[in-house]
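> Let's see this in three dimensions:
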Amino acid sequence: MLKGKTTVTKENLLQWIVDYSWIIESIEEARQPVAKIDNSSYIGAKTAMYGIEATLPKAIGGSSDPVFTEVQRRVYSLNYRIKEYEQKIAEVQKRIPYVVGDREVEVLHRLLNGNSMRAIGKHMKLSSTTIFRVRNNILNQMLGL
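Have a look, this model is predicted:
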């Protein structure tokens, strides 16, 4: 989505702000150390590690084990998604300093924490209309409008 030079639209930016908290959690989860998976250590690969069988030539390339193939697919897919998530988060974080005003900053940080518009309004004792107006001001400031 952000490959190359893409203009950031108001809708995209709003969606990235709303999704910010779970995207951060997904990135943190993906960065957790995971046991390295390769053909020699994977249980289902059935590659002999000891004895005379260990000296025999081993197949090069993928495994015929469907579970191992699925694990590889998921890891590749996760790495691709995480790169996209990091680009979205970087785009939002780059624009945070453009937001000025106490209300705007408070609403932005609560949105980034995953709070709903209703919860923000209740906390700040403001109507939903006012919160939506503040949110639109935030987006305009972040886009430089």
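
> Run through this protein and note the low-pLDDT ranges.
Residues of the chain that meet the criterion pLDDT under 70 lie in 1-6, 33-49, 53, 58-64.

> quick one, helices of it?
Assigned by DSSP state H, the chain shows helices spanning 10-31, 66-95, 102-112, 117-124, 128-143.

> Out of those, flag the one nearest residue 50.
The closest of the helices of the chain to residue 50 is helix 66-95. By CB to CB, the value is 20.6 Å. C-betas here are computed from N, CA, C, even on glycine.

> isn't residue 106 right next to residue 126, touching?
No. Using CB atoms under 8 Å, residue 106 makes no contact with residue 126, being 10.1 Å away.

> Make sure residue 16 is actually in contact with residue 91.
Yes. Shown here, residue 16 and residue 91 form a contact pair, counting by CB under 8 Å, at 6.7 Å.

> quick one: which of those two has more around it?
For the pair residue 16 and residue 91, the greater number of neighbours falls to residue 16 (21 against 16), based on other CB atoms under 10 Å.
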